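In: any chance you can model this:
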Amino acid sequence: MSNISVKAEADAMPQPIGEILRLQQSRILIGLAATGLVVGSILSWSEQPVAAGWVWSAATLPVLLGLFVQIVMSLQKGDVGLDIVAALSMSAALIFGEPLAANVVAMMYAGGQVLEDFAQGRAKKEMTALMGRVAQTAMRFEGEVLQQVLITAIKPGDRLLIRQGDVLPVDGRVASDVAVLDLSALTGESLPQNILKGNEALSGSTSAGAAFELIASRPASESTYAGIVRLVEAAQSSKAPMVRMADRYAIGFLALTVTIAAITWLLTDDTIRVLSVLVVATPCPLILAVPVALISGMSRTARIGVLVKGGGVLETMSRVRTVILDKTGTITHGQAAITEIRTRDGFAETVVLKAAASLDQASGHVVATALIKAAQSRGLALSAPVSVVETPGTGIKGTVDGRKVIVGGNSFVAAETGDVRAEDLLKNIDPGAMTVAVGIDGKIAGIIVLQDQIRTDAKPMLDDLRQAGVKRLVLASGDRGNIADKVGRQLGFDLVLGDLSPDAKVTAVRNEIMNGPVMMVGDGVNDAPALAAADVGVAMGAHGTASSSEAAGVVLLVDELAPLVKAMAVARRSRAIALQSVVAGLGMSLCAMAFASFGYLPPVQGALTQEVIDVAVILNALRALR
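Out: So this is what the prediction gives:
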């Protein structure tokens with residue numbers, strides 16, 4: 001039994017000070033406004049109108065002062081919003097001798113701030129929940145002794161013990177026979193997954209089975225979960241094109257409000273009507289509806305394993321008309337898999353595969369890994385090789401169960417065995433396939449054919465993209481032209497481009513942009529420039545490279561394509577809801593202003609009407625979470 005000593009403990013992640021102060025300020029202001037409204041109403045009912053007016057005015061002033069400070073800070077940042085109208089309406093109410101209306105507007109404004117905080121918090125809930133799951137400490141082996149250390153101290157190659165219920169602190173490879181992991185926080189997959197020995201386990205997943213050992217492959221700062229947290233923070237602070245459009249609406253709406261109020265004054269000379277116009281024209285949370293809808297959409301996509309880096313990316317995703325996909329690692333798995341084993345001289349397929357896989361246990365070649373996995377998946381018990389000699393890039397030879405085994409290229413095995421009769425086994429081999437010859441006891445026993453396989457979800461995904469409104473599908477591959485053409489024809493691409501260098505992929509993206517917004521999907525280092533050049537770059541983050549994930553605006557956390565189509569549907573719905581919120585909110589406000597200008601909506605009722613509009617618009621924006 002290993003000894004355990006506690007080296008350090010984690011501190012809870014503090015809530016940002018600015019956020020706490022903002023929340024406390026909103027609560028204090030609405031408390032003051034509500035108290036003033038109640039006390040003033042009691043005095044008014046007690047036939048003390050002067051005292052009631054002073055109380056209502058006193059309750060309005062703190063809110064008005066806080067509003068002026070907020071307006072100045074916004075103007076310094078170059079933001080002009082509808083808060084100016086709220087300040088005008090409260091000020092006008094006090095000047096025109098309508099303290100009750102001013103107090104009601106103040107309470108509604110302060111209530112709107114609380115409503116904004118609620119809406120933003122609800123929209124960000126699932127994304128910020130990711131941050132709360134970041135592990136702070138881990139159990140690390142130091143020799144045979146376990147010590148609890150901060151995750152910042154973990155280095156690649158460290159051996160960690162992951163206990164049942166622990167959140168994986170870093171990315172790594174499973175060193176035990178199997179790890180049972182709950183990936184729901186990363187992918188939305190509800191059922192635990194069995195991760196076999198040697199396979200990658202992502203930080204942020206939770207151990208749902210027995211304790212297992214993990215070999216760290218990245219430091220905590222570079223692991224999947226840390227990247228998610230950074231993406232969440234960037235997404236929450238980003239400003240989408242639609243948000244900027246809403247800001248422009250706010251400026252226009254402000255000018256329109258002042259114009260209507262001025263015309264009402266000139267035609268009626270009625271200060272109460274002017275005040276009513278200003279009161280109903282203060283939908284302060286209205287323009288918040290756009291970021292709420294987009295953040296809600298990003299939250300929804302995160303639940304299905306698609307990380308969108310900002311509201312602008314989500315908004316552009318909704319308008320994509322051309323999708324360009326890399327082949328290797330995107331349309332295909334990017335890993336060689338056995339498609340056929342051809343044998344001769346009475347050798348069985350299982351004998352050939354077991355001999356090759358057993359010997360390849362001593363090799364680090366990517367093909368060796370494919371052979372070992374194939375043998376294990378077929379339940380073959382591999383033997384330990386001895387007297388192994390490997391010629392890098394050519395082949396390997398040694399002894400397995402007392403038999404001399406040689407594995408490698410055809411010419412290498414033929415030269416080592418002296419058996420040159422392997423050509424008959426190579427007839428009618430797919431030109432895109434790789435072959436590995438296996439020699440046993442001086443004879444060529446067989447040929448193992450390996451090929452990168454098309455993903456089973458590739459064709460359904462492409463069909464779904466077309467149904468979702470994508471007009472053009474392009475396959476862009478660095479692989480040989482004939483191989484790319486075969487895959488492209490099989491899957492029904494509109495255009496197939498092969499033999500592409502990274503620069504050529506960028507050119508392909510730029511050529512397609514003239515047809516509308518372009519999405520590029522890839523996974524390798526060579527895809528990073530094209531991902532950055534596209535309107536929306538999508539990286540296969542589960543097995544892709546760090547450079548492609550950094551260059552992309554969207555990262556797939558699962559090694560699947562289907563979630564991408566779902567994410568695009570979420571993007572379209574979120575954008576539609578945002579537009580609905582803006583148009584409906586502004587439309588209802590304009591109608592209320594018209595009623596107010598004709599004298600049908602007094603100031604107090606106007607303030608209540610304004611709040612109803614705000615609540616309706618915010619609740620509509622939150623529909624994007626579903």
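
In: counting by contacts, list what the helix or strand harbouring Leu146 packs against.
Out: Element membership for Leu146, per DSSP states H and E: strand 145-150. If you count contacts as 3 or more C-beta pairs under 8 Å, 6 or more residues apart in numbering; DSSP states H and E, strand 145-150 packs onto strand 4-6, strand 137-142. C-beta: built from backbone N, CA, C; applies to glycine.

In: show me the contacts for Ala138.
Out: Contacts of Ala138 were listed using C-beta atoms under 8 Å, 6 or more residues apart in numbering, and they are Gln148, Val149, Ile151, Ile154, Leu160, Asp166, Pro169, Val170.

In: secondary structure class for Lys155?
Out: Secondary structure for Lys155, judged by DSSP: H, G, I helix; E, B strand; the rest coil, is coil.

In: my error: substitute Gly209 in the last question.
Out: Following three-state DSSP, Gly209 is assigned to coil.

In: who does the residue lying closest to it once chain neighbours are set aside bridge with?
Out: Using C-beta to C-beta, 6 or more residues apart in numbering and skipping the chain neighbours, the partner closest in space to Gly209 is Val180 (2.8 Å). Assessed by DSSP bridges, Val180 has beta-bridge partners Asn194.

In: looking at the helices and strands packed on strand 145-150, which has the lowest confidence?
Out: Lowest mean pLDDT within these: strand 4-6, a mean of 32.

In: pretty sure Pro529 contacts Ser501?
Out: No - using C-beta atoms under 8 Å as the test, Pro529 is too far from Ser501 to be in contact (9.9 Å).

In: between these two, which one's more packed in?
Out: Taking other C-beta atoms under 10 Å, Pro529 and Ser501 do not tie; Pro529 has more neighbours (21 against 11).

In: tell me the helices and strands packed up against the top helix by length along the chain.
Out: The single longest helix within the chain, with elements called by DSSP state H, is helix 562-597. Counting by 3+ C-beta pairs under 8 Å, 6+ apart, the packing neighbours recorded for helix 562-597 are helix 241-268, helix 271-280, helix 289-303, strand 306-308, helix 311-317, helix 458-467, strand 554-556, helix 603-621.

In: can I get the ones you listed in JSON lines with distance to Trp54 and mean neighbour count?
Out: Output for those, formatted as JSON lines (distance: least, C-beta to C-beta, whole Å; neighbours: other C-beta atoms under 10 Å):
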{"stretch": "helix 241-268", "distance to Trp54": "27", "mean neighbour count": "16"}
{"stretch": "helix 271-280", "distance to Trp54": "19", "mean neighbour count": "26"}
{"stretch": "helix 289-303", "distance to Trp54": "37", "mean neighbour count": "28"}
{"stretch": "strand 306-308", "distance to Trp54": "52", "mean neighbour count": "28"}
{"stretch": "helix 311-317", "distance to Trp54": "45", "mean neighbour count": "26"}
{"stretch": "helix 458-467", "distance to Trp54": "65", "mean neighbour count": "17"}
{"stretch": "strand 554-556", "distance to Trp54": "57", "mean neighbour count": "27"}
{"stretch": "helix 603-621", "distance to Trp54": "18", "mean neighbour count": "22"}
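
In: TSV for these, including mean pLDDT and distance to Arg140?
Out: Shown next, in TSV, are those (pLDDT from 0 to 100; distance: least, C-beta to C-beta, whole Å):
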stretch	mean pLDDT	distance to Arg140
helix 241-268	77	44
helix 271-280	86	62
helix 289-303	80	29
strand 306-308	84	28
helix 311-317	85	37
helix 458-467	90	40
strand 554-556	84	28
helix 603-621	81	45
